[in-house]
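*Asks:* return atomic coordinates for the entry below.
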Amino acid sequence: MEEKDNNTNELEELMLEEIDINEDPDESDDSQNFADKNSTATRKRRKFPIWARILTAIFLIVVTVIIGWNILINVGKANLYAKGKDAVPQLPKELMDSDTDVSDVGWEEGWVRYNGKIYRYNKDILTFLVLGIDKDERVSDNSNGLDGGQADGNFLVVLNPDDESLRVICINRDCMTDIDTYDYFGNYDTTTKAQLELAHAYGATKEQNMQNSVKAVSNLFYGIPIHGCVAINMSGITSLNDAIGGVEVESLSTFSTDGFDYHEGETAFLRGEAAYHYIHYRDEDEFNSNDDRMARQRQYLNAFVAQAKAAIKKNPSLIANLYTKLTPYMTTDISIDEASYIGSIALGYSFSDDAISSIEGETVQGTYYEEFYPDEEALYKLIIEAFYEEVR
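*Replies:* Purely as a prediction, here's the structure:
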């Protein structure tokens with residue numbers, strides 16, 4: 001019996017030894033190590049400071065904004081250039097130099113000759129038409145086909161990325177050119193030669209009013225592509241002017257209107273309606289008074305561009321802000337992405353008094369109203385200088 005008990009004890013000991021042998025000696029250690037590592041990582045995460053997490057979030061937001069901004073302006077650039085794709089002006093052949101030698105360069109469609117040299121249209125250029133509409137209220141739908149309002153201000157803004165220059169061509173509102181006319185119900189009537197300002201008056205919708213002016217100006221410049229247009233009711237000038245902090249000028253003339261007084265030679269800081277009246281007023285009883293107004297508009301435009309560039313450099317978001325402020329007073333085919341691209345490149349472009357020019361010509365008294373007739377040779381030269389590049 002005692003021998004049996006001894007055998008049983010030996011068997012139990014062997015079984016216990018086998019269990020110890022089969023058991024992984026590192027298993028409990030691994031579990032403990034994993035728990036220790038987990039605890040250490042948790043402590044490290046807890047030690048990651050809140051300010052670092054905030055900075056990381058800010059960094060990610062900034063990166064996202066920059067990427068979004070770049071996408072926005074690149075889309076705007078592509079859309080703008082698509083508008084003028086394959087369009088080439090058709091300058092009158094009778095104004096070209098017929099004796100310019102072209103044997104060493106050949107000849108391509110659309111090339112022109114001037115003053116012994118050969119030129120081609122510069123397709124890198126972007127051209128925009130800015131219209132100041134003689135209306136004091138916000139933009140609204142037309143009541144009839146004759147209700148669009150007249151374009152008192154007509155400006156071609158030319159951006160040349162090749163030499164990073166910006167220039168403005170002022171066009172006399174009384175310039176006689178071909179315009180499309182519409183009847184009371186907004187139906188096309190005929191094309192007739194009349195003052196440029198009237199083109200905007202015709203059309204069934206405000207968009208048609210604007211495009212009618214675009215067509216008239218493009219035709220005046222022999223088919224120059226216009227990549228975008230903005231027609232601003234004159235009352236919107238106040239918001240635009242004040243959004244950049246106002247504009248300072250030295251008054252070019254002495255006049256009083258609607259309680260505002262301006263004295264030639266005196267400095268005027270234009271805020272609110274003072275800016276509107278300075279560029280809008282003209283003495284309707286004086287012949288060719290529009291020339292005096294255009295001089296003030298050119299002066300104001302030069303000062304405005306300089307002030308706007310400085311303000312936008314300090315606050316790039318001002319571009320979108322200006323767009324928003326103008327929306328109730330304007331009609332445009334320039335989208336926010338296109339406006340962002342324009343603003344982004346124009347900031348670095350050169351601009352000076354010399355960059356503002358006007359079409360030369362003569363104002364005469366017509367049957368009822370004043371009529372301005374461009375000097376064709378001077379216009380031809382202006383177009384070459386502004387929109388063409390030399391081939392040879």
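*Asks:* ok, now which ones touch Ile226?
*Replies:* Shown in contact with Ile226 (C-beta atoms under 8 Å, 6 or more residues apart in numbering): 84, 127-129, 156, 214, 217-218. C-beta: built from backbone N, CA, C; applies to glycine.
*Asks:* secondary structure element for it?
*Replies:* Remark: Ile226 resides in no helix or strand, with elements defined by DSSP states H and E.
*Asks:* likewise Tyr341?
*Replies:* Per DSSP H and E: Tyr341 is located in helix 336-346.
*Asks:* pull out the buried positions in that helix.
*Replies:* For helix 336-346, a neighbour-count test (16 or more other C-beta atoms under 10 Å) marks 337-344, 346 as buried.
*Asks:* got a pLDDT number for the most centrally placed residue in the chain?
*Replies:* The centre of the chain sits closest to Ala339, judged by C-alpha atoms, centre = their mean, with a distance of 3.2 Å. For Ala339, the pLDDT comes out at 85.
*Asks:* surely it touches Leu326?
*Replies:* No: using C-beta atoms under 8 Å, Ala339 is not in contact with Leu326; the gap is 9.8 Å.
*Asks:* now do the strands in the stretch 151-300 of the chain.
*Replies:* Here the stretch 151-300 of the chain has its strands, by DSSP state E, counting those that start in this stretch, at 151-160, 165-170, 176-182, 188-195, 228-233, 247-250, 255-257, 260-262, 267-270.
*Asks:* what packs against the longest one?
*Replies:* Using 3 or more C-beta pairs under 8 Å, 6 or more residues apart in numbering; DSSP states H and E as the contact definition, the elements that strand 151-160 packs against are strand 126-133, strand 165-170, helix 206-220, helix 289-314, helix 336-346.
*Asks:* pick the most buried one from the ones you listed.
*Replies:* Mean neighbours per residue, mean count of other C-beta atoms under 10 Å, is largest over those for strand 126-133, with a mean of 24.
*Asks:* strand partners (parallel or antiparallel) of it?
*Replies:* Strand pairing for strand 126-133, determined by DSSP bridges: strand 151-160 (antiparallel), strand 228-233 (parallel).
*Asks:* what's across from the nearest residue to Tyr202 once chain neighbours are set aside in the sheet?
*Replies:* Take Tyr202 and drop its neighbours on the chain: the residue closest to it by C-beta to C-beta, 6 or more residues apart in numbering is Tyr182, 4.3 Å away. Tyr182 has these beta-bridge partners by DSSP bridges: Tyr188.
*Asks:* next one: Tyr182 from Ala310, what distance?
*Replies:* 42 Å (C-beta to C-beta, to the nearest Å).
*Asks:* for Leu146, same thing?
*Replies:* On the measure of C-beta to C-beta, Leu146 and Ala310 end up 41 Å apart.
*Asks:* about what we covered before: dump the buried residues of helix 336-346 into CSV; add distance to Cys175 as well.
*Replies:* As requested, the buried residues of helix 336-346 are exported to CSV (distance: C-beta to C-beta, whole Å):
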residue, distance to Cys175
Asp337, 32
Glu338, 27
Ala339, 27
Ser340, 32
Tyr341, 30
Ile342, 25
Gly343, 29
Ser344, 32
Ala346, 26
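*Asks:* biggest separation within those residues, which pair?
*Replies:* Using C-beta to C-beta, those span at most 14.9 Å, a distance reached by Asp337 and Ala346.
*Asks:* now do stretch 246-261: distance to the chain's middle.
*Replies:* Relative to its chain's centre, stretch 246-261 lies at 28 Å (C-alpha atoms, centre = their mean, to the nearest Å).
*Asks:* residues contacting Ile171?
*Replies:* So Ile171 contacts 154-156, 196, 217, 220, 358-359 (C-beta under 8 Å, 6+ apart).
*Asks:* reformat those as CSV; add distance to Tyr373 and pLDDT.
*Replies:* Listed next are the contacts of Ile171 as CSV, based on distance: C-beta to C-beta, whole Å; pLDDT from 0 to 100:
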residue, distance to Tyr373, pLDDT
Asn154, 16, 95
Phe155, 20, 95
Leu156, 19, 96
Leu196, 12, 97
Val217, 16, 97
Leu220, 12, 96
Ser358, 14, 93
Ile359, 10, 94
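*Asks:* switch the helices and strands packed on strand 151-160 over to TSV; also include distance to Lys117.
*Replies:* Putting those into TSV (distance: least, C-beta to C-beta, whole Å) gives the following:
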stretch	distance to Lys117
strand 126-133	22
strand 165-170	20
helix 206-220	24
helix 289-314	29
helix 336-346	28
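*Asks:* lowest-confidence stretch among the ones you listed?
*Replies:* For the helices and strands packed on strand 151-160, the weakest mean pLDDT is recorded on helix 336-346, namely a mean of 84.
*Asks:* skip ahead from it and say which helix or strand is next.
*Replies:* Where DSSP H and E defines the elements, the next helix or strand beyond helix 336-346 is strand 356-358.
*Asks:* who's in contact with that next one?
*Replies:* 167-172, 294, 298, 301-302, 382, 386.
*Asks:* could I get the residues you listed as TSV with distance to Glu207?
*Replies:* Shown next, in TSV, are the contacts of strand 356-358 (distance: C-beta to C-beta, whole Å):
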residue	distance to Glu207
Arg167	27
Val168	24
Ile169	24
Cys170	24
Ile171	21
Asn172	25
Met294	27
Arg298	28
Leu301	25
Asn302	30
Leu382	29
Ala386	27
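*Asks:* so what's the gap between the helix holding Tyr341 and the chain middle?
*Replies:* In terms of C-alpha atoms, centre = their mean, the gap separating the centre of helix 336-346 from the centre of its chain is 4 Å.
*Asks:* cool, and stretch 275-290?
*Replies:* Centroid separation for stretch 275-290 versus its chain: 28 Å, with C-alpha atoms, centre = their mean.
*Asks:* report the buried residues of that stretch.
*Replies:* Neighbour-count burial for stretch 275-290, with 16+ other C-beta under 10 Å as criterion, is recorded at 275-282, 290.
*Asks:* between the residues you listed, which sits nearest Asn241?
*Replies:* Ala275 (4.0 Å).
*Asks:* how about the closest one, nearest residue that isn't a chain neighbour?
*Replies:* The shortest distance from Ala275 to any non-neighbouring residue, by C-beta to C-beta, 6+ apart, is to Asn241 (4.0 Å).
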